[in-house]
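Asks: sequence unavailable; structure follows:
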């Protein structure tokens, strides 16, 4: 007996699969809202994130690359997470990028030590604007501030990585102990230990000058 | 307390350095932010692309199963008519007609 097909036999299942083109417009709004929220968040932290990466890496382009990578990773992998999770997630990603960069440099430094004839990677990343003199001399007060910041940066750069992270997240980013622990991926006790050691070292090195 | 003074001073110096970031760096950061936002929109477009045809394929699967079940044949080889029907309903262009029509109408028609 030949097969007989009755569309009505599938009316029930088909009805549940009816395509609602009107729903497409309502799907767009949450996506736009997510993009707006992410824009606001990244705009609020990008400059501080860059300065922190710059202190850790001592190189403008590496710091910019690290921040950009962290922004892209946050958007791609965690953009749909609750907004209150973005800050610790972003800084966790950023710190991972910074450590990756530092690891690459150590490997390159070892290679350069064996092959001194090769051009150093640092030369390629030199800021072409660094040699351009400022047009106007800085006021004395601003000069003093710059020098104090440079001293702080040097001391911070010499700290062990975890102490540096704990100090910058607590002091520069204003995170509490719990938030810092989430960003660093460690316990609150570890954060307190790293932080207190960082403060002790910095007080000895720069505290007296201030 | 000495450490509080250190923290306050360090924070003030840091905030000052942030405010005085040069225009080139600010511009690069804005570009990086815009690239990240593009990822959000691309991700949303990818999800729509994946789920839109999935609805059509699901519809075709339901109809195909119905054809097989309603054929009443015990043989493993489907009847030629059933195969032709399967080809018809798996064609996405024909599915648009099905999706736009009132399926309750067809249910009523079949009862007549």
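Replies: Yep, it's here. Quick caveat: nothing in here was measured; it's all calculated off a predicted structure. Residues are numbered from 1 along each chain as shown, chains lettered A, B, ... in the order given.
Asks: which residues touch stretch A:175-189?
Replies: With contacts defined as Cβ atoms under 8 Å, 6 or more residues apart in numbering or on different chains, stretch A:175-189 is touched by A:87-89, A:91-92, A:95, A:162, A:165-166, A:169-170, A:190-192, A:194-195. Heads up, the C-betas are built off the backbone N, CA and C, glycines and all.
Asks: next, the distance between the ends of it.
Replies: End-to-end span of stretch A:175-189 (Cα to Cα, to the nearest Å): 15 Å.
Asks: what are the buried residues along it?
Replies: Residues of stretch A:175-189 classed as buried by neighbour count (16 or more other Cβ atoms under 10 Å in any protein chain shown): A:175, A:177, A:179-184, A:186.
Asks: could you do stretch A:156-169 as well?
Replies: In stretch A:156-169, counting by 16+ other Cβ under 10 Å, buried: A:156, A:159, A:162-169.
Asks: contacts for that stretch, please.
Replies: With Cβ under 8 Å, 6+ apart as the test, stretch A:156-169 has contacts from A:52, A:55-56, A:58, A:91, A:95, A:99, A:102, A:175, A:179-180, A:183-184, A:186, A:190-191, A:194-195, A:197-199, A:201-202.
Asks: report the secondary structure state of residue B:21.
Replies: Recorded secondary structure, residue B:21: coil (DSSP: H, G, I helix; E, B strand; the rest coil).
Asks: nearest residue to residue B:16 in space, please, no chain neighbours.
Replies: Distances taken as Cβ to Cβ, 6 or more residues apart in numbering or on different chains put residue A:145 closest to residue B:16, at 5.9 Å, once the chain neighbours are dropped.
Asks: low pLDDT regions in chain A?
Replies: Applying pLDDT under 70 to chain A flags residues A:1-27, A:116-138, A:207-210.
Asks: longest single helix anywhere in it?
Replies: helix A:22-57 (DSSP state H).
Asks: any idea how many residues pack against the residue nearest to residue B:16?
Replies: The number of residues packed near residue A:145 is 17, by other Cβ atoms under 10 Å in any protein chain shown.
Asks: give me phi/psi at it?
Replies: Dihedral angles of residue A:145 (phi, psi; degrees, to the nearest 10) stand at phi -60, psi -40.
Asks: one more: residue A:58?
Replies: Residue torsions, per degrees, to the nearest 10, at residue A:58 are phi 60, psi 30.
Asks: kindly report the same for residue A:174.
Replies: With angles defined as degrees, to the nearest 10, residue A:174 sits at phi 70, psi 20.
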